[in-house]
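A.B. asks: Structure for this input, please:
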Amino acid sequence: MDESRRIVILGKTGAGKSSLANTLLGEDLFKVNHTAISETSECQAETESVKARKLTLIDTPGFFDTNTPEEQLKPEILRCITECAPGPHAFLILLKVEKFGEHEQAVIDKIIGYLSEEAFRYATVVFTHGDQLQEKQTIEDFIHEHEILRDLVQKCGGRCVVIDNKYWNKKDKYRSNEVQVEKLLKMIDKMIKDNKSGCYTNETLQAVEKKIQQEMKIIKQSSGSMPKIRDAE
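C.D. replies: Take a look at the predicted model:
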């Protein structure tokens with residue numbers, strides 16, 4: 001199987017997007033930052049062959065950070081998706097294995113609000129920091145404890161895996177990046193087959209682009225009218 005897979009990685013700053021991209025490709029092609037400040041200010045794309053698959057990974061800014069203004073994110077979201085024209089085969093939504101409070105729920109609410117029902121057909125949830133799972137706890141056990149996570153994974157057709165970019169290098173039937181990466185790649189293969197080899201299409205992108213252009217036009221008109229108001233004063 002040598003078909004190309006175009007994959008967009010989404011998540012908030014600190015979720016481990018760049019580290020996951022490096023784990024999937026088996027090379028340190030994406031710069032990893034260990035602070036709370038986003039290292040990725042614009043999208044980066046890299047292509048490598050992985051287990052007889054040609055993967056193009058698109059690393060993105062922290063789209064779902066609750067403190068980032070919407071008007072800054074939307075044009076960059078569009079650019080990142082169009083980076084892999086005619087469209088991505090898959091979205092990977094990254095979340096950390098951590099205690100869930102109001103902030104984490106707000107991030108997930110934003111993810112659900114940003115992505116259309118159409119996009120969820122192409123999405124898989126990837127949990128990082130798998131070492132935070134309790135002993136013998138699976139990611140399915142963790143998801144079962146949180147209704148909002150169950151809802152998100154259900155929207156993604158039940159697709160989810162868990163990775164640990166830092167600590168999981170051992171051979172294990174479950175807590176192993178090698179095992180989980182293979183599971184993720186097969187999951188993406190099946191999802192592409194179920195979607196009849198389709199991708200998140202240009203028609204969908206064009207609808208998103210039109211909406212963004214309309215919103216940007218309104219913003220420009222509003223800011224453009226301000227000097228006239230001051231002159232009148």
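
A.B. asks: Only C-alpha atoms from now on, for both contacts and neighbour counts.
C.D. replies: Fine.

A.B. asks: What ranges does the chain have for its helices?
C.D. replies: With DSSP state H, the ranges of helices along the chain come out as 17-25, 70-82, 102-114, 117-120, 139-144, 147-155, 177-194, 202-232.

A.B. asks: which stretch in the ones you listed has the least confidence?
C.D. replies: The weakest mean pLDDT among these belongs to helix 202-232, with a mean of 59.

A.B. asks: If we go by neighbour counts, what in stretch 53-65 is buried?
C.D. replies: For stretch 53-65, burial by neighbour count (16 or more other Cα atoms under 10 Å) applies to Lys54, Leu55, Thr56, Leu57, Ile58, Asp59, Thr60, Pro61, Gly62, Phe63, Phe64, Asp65.

A.B. asks: residue contacts, the last one?
C.D. replies: Shown in contact with Asp65 (Cα atoms under 8 Å, 6 or more residues apart in numbering): Lys12, Thr13, Val107.

A.B. asks: returning to what we had before: out of the buried residues of stretch 53-65, which comes closest to Ile218?
C.D. replies: Nearest to Ile218, judged by Cα to Cα, of the buried residues of stretch 53-65 is Phe63 at 22.0 Å.

A.B. asks: can I assume the closest one is in contact with Val8?
C.D. replies: No. Counting by Cα atoms under 8 Å, Phe63 does not reach Val8; the two are 11.7 Å apart.

A.B. asks: excluding its backbone neighbours, what's nearest the most centrally placed residue in the chain?
C.D. replies: When Cα atoms, centre = their mean is applied to the chain, the residue found nearest the centroid is Leu10 (1.8 Å). Spatial nearest neighbour of Leu10, chain neighbours left out: Ile93 (5.0 Å); criterion: Cα to Cα, 6 or more residues apart in numbering.

A.B. asks: do the same with Leu149
C.D. replies: The shortest distance from Leu149 to any non-neighbouring residue, by Cα to Cα, 6+ apart, is to Ile143 (5.6 Å).

A.B. asks: For the one you found, give its distance to Gly14.
C.D. replies: Here Ile143 is placed at a distance of 20 Å from Gly14 (Cα to Cα, to the nearest Å).

A.B. asks: the more surrounded of the two?
C.D. replies: Gly14 (21 against 17; other Cα atoms under 10 Å).

A.B. asks: Give me the pLDDT for that one.
C.D. replies: For Gly14, the pLDDT comes out at 84.

A.B. asks: distance of the closest residue to His144 other than its chain neighbours from Ile112?
C.D. replies: Distances taken as Cα to Cα, 6+ apart place Arg150 nearest to His144, at 6.3 Å, with adjacent residues excluded. Per Cα to Cα, Arg150 is found 12 Å from Ile112.

A.B. asks: do you know how far Glu118 is from Lys170?
C.D. replies: 37 Å.

A.B. asks: And for stretch 123-137, what's in contact with it?
C.D. replies: Residues from elsewhere that reach stretch 123-137, judged by Cα under 8 Å, 6+ apart: 15-16, 90-98, 139, 142, 153, 156, 159-168, 175, 188.

A.B. asks: Endpoint to endpoint, it covers what distance?
C.D. replies: For stretch 123-137, the end-to-end distance is 24 Å (Cα to Cα).

A.B. asks: buried residues in it?
C.D. replies: By neighbour count with 16+ other Cα under 10 Å, stretch 123-137 contains the buried residues Ala123, Thr124, Val125, Val126, Phe127, Thr128, His129, Gly130, Asp131, Leu133.

A.B. asks: now, which of these lie within strands?
C.D. replies: Of the positions in the buried residues of stretch 123-137, Ala123, Thr124, Val125, Val126, Phe127, Thr128 sit in strands, assigned by DSSP state E.
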